[in-house]
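# Here is a sequence together with a model predicted from it:
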Amino acid sequence: MEFVGRGFGMKGAIVLAGGKSSRMGENKALMTLMDKKMLTHVIERVEEVVDSIVVAIGFQEDPDQYRMAVPPHVSIISDSVNLRSPLVGMLAGIEFLSADYVSVHPCDTPLLEPSLLHHLFRRAEGHDAAISVTRDGRVQPLNAVYKASVTYSSCKEALRRGDTKCKKMIERLRDVIFLNSEELMKFDPDLRTYINVNTKKELEELNRLLTGTYAPMG
C-alpha cells in the first residue's frame, strides 16, 4: 500500500496506547490523573493543534475498553500485527489519517504543551521531521512531528529489517530538524511535555503536584 495525502496543510495526530505497562502493572492510558484518564489528557491537549486524531491500540485489544477515555469524534484503531513497537502504531495511524504531517504521542505525557506542539508543526514544514532534544541530550522520538509520506516508508523499511525502535526509523529520514532545549523552553519553560508517568508512585506525585498538595519527602 502506498501512502497518499489529502492535501497540503492537513495535520493529524497519533496517540499510542495499549497494553499493560510492566512498570505500572496496568494500562497507563486508563489510569486516572486529576479525575481524567491519562489518555484523555493527552487527546485534549493535542486536539487544540491538529485537524484529526486517532488512538492506536495493541493488536487484538478491545477498543471498547478505551472508549470511556476517548471522545466520540476520535477514532480508535488496532495495530495490524502483534508486535510491540511504536512503529506499528505509527504505520496504522498514518494510513488512517492520510494527513500531510502527523504528530506522534505516548499516552503517558499528560502535561504536553499545545503551543510547543504547534511550534513543532511549524518547524517540520518542508522537512521530514521536527524532533526535540531535551536538556539531558536525549532525542525524543515521541511528542514529535513527522512528514507522513516519508515516515510511512521509513517505518515499513525499518520493520522489514526487524528494527522495531524509533531511532532506526529516524536514521532513515534525510532531513530532520532537531530542536534543542533552549528553543523548546520558549514554549514550555519547564519542559513538562516530556514528563512521562512510568510508575504508580510517579502518578501519585504528579496528582499531588497538580492539586497543590505536593510536599517533597525529606
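Cool, the structure landed.

# element containing Leu116, please.
Element membership of Leu116 [criterion: DSSP states H and E] is helix 114-124.

# Just the C-alphas of that helix, formatted as CSV.
Presented in CSV, the C-alpha positions along helix 114-124 are these (Å, rounded to 0.1, in the frame of the first residue of the first chain):
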residue,chain,number,x,y,z
PRO,A,114,-0.1,22.6,22.9
SER,A,115,2.0,25.7,22.0
LEU,A,116,5.1,23.6,21.8
LEU,A,117,3.3,21.1,19.5
HIS,A,118,2.2,23.9,17.3
HIS,A,119,5.8,25.1,17.0
LEU,A,120,6.9,21.6,16.1
PHE,A,121,4.5,21.5,13.2
ARG,A,122,5.7,24.9,12.0
ARG,A,123,9.4,23.7,12.2
ALA,A,124,8.6,20.4,10.4
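
# For it, buried residues please.
For helix 114-124, the neighbour count (16 or more other CB atoms under 10 Å) marks Pro114, Leu116, Leu117, His118, His119, Leu120, Phe121, Arg123, Ala124 as buried. The C-beta positions use only the backbone N, C-alpha and C, and glycine is treated the same way.

# Wait, Leu184 touches Leu117, no?
No: look at Leu184 against Leu117 with CB atoms under 8 Å: they stay out of range, at 11.1 Å.

# Mind listing the shared neighbours of these two?
Thr193 (CB atoms under 8 Å, 6 or more residues apart in numbering).

# Then Val150 would be within a helix, right?
Yes: assigned with DSSP: H, G, I helix; E, B strand; the rest coil, Val150 falls within a helix.

# Skipping adjacent residues, who's closest to it in space?
Excluding the flanking residues, the one nearest Val150 by CB to CB, 6 or more residues apart in numbering is Asp128, at 5.1 Å.

# cool, Lys11 as well?
Excluding the flanking residues, the one nearest Lys11 by CB to CB, 6+ apart is Val50, at 4.5 Å.
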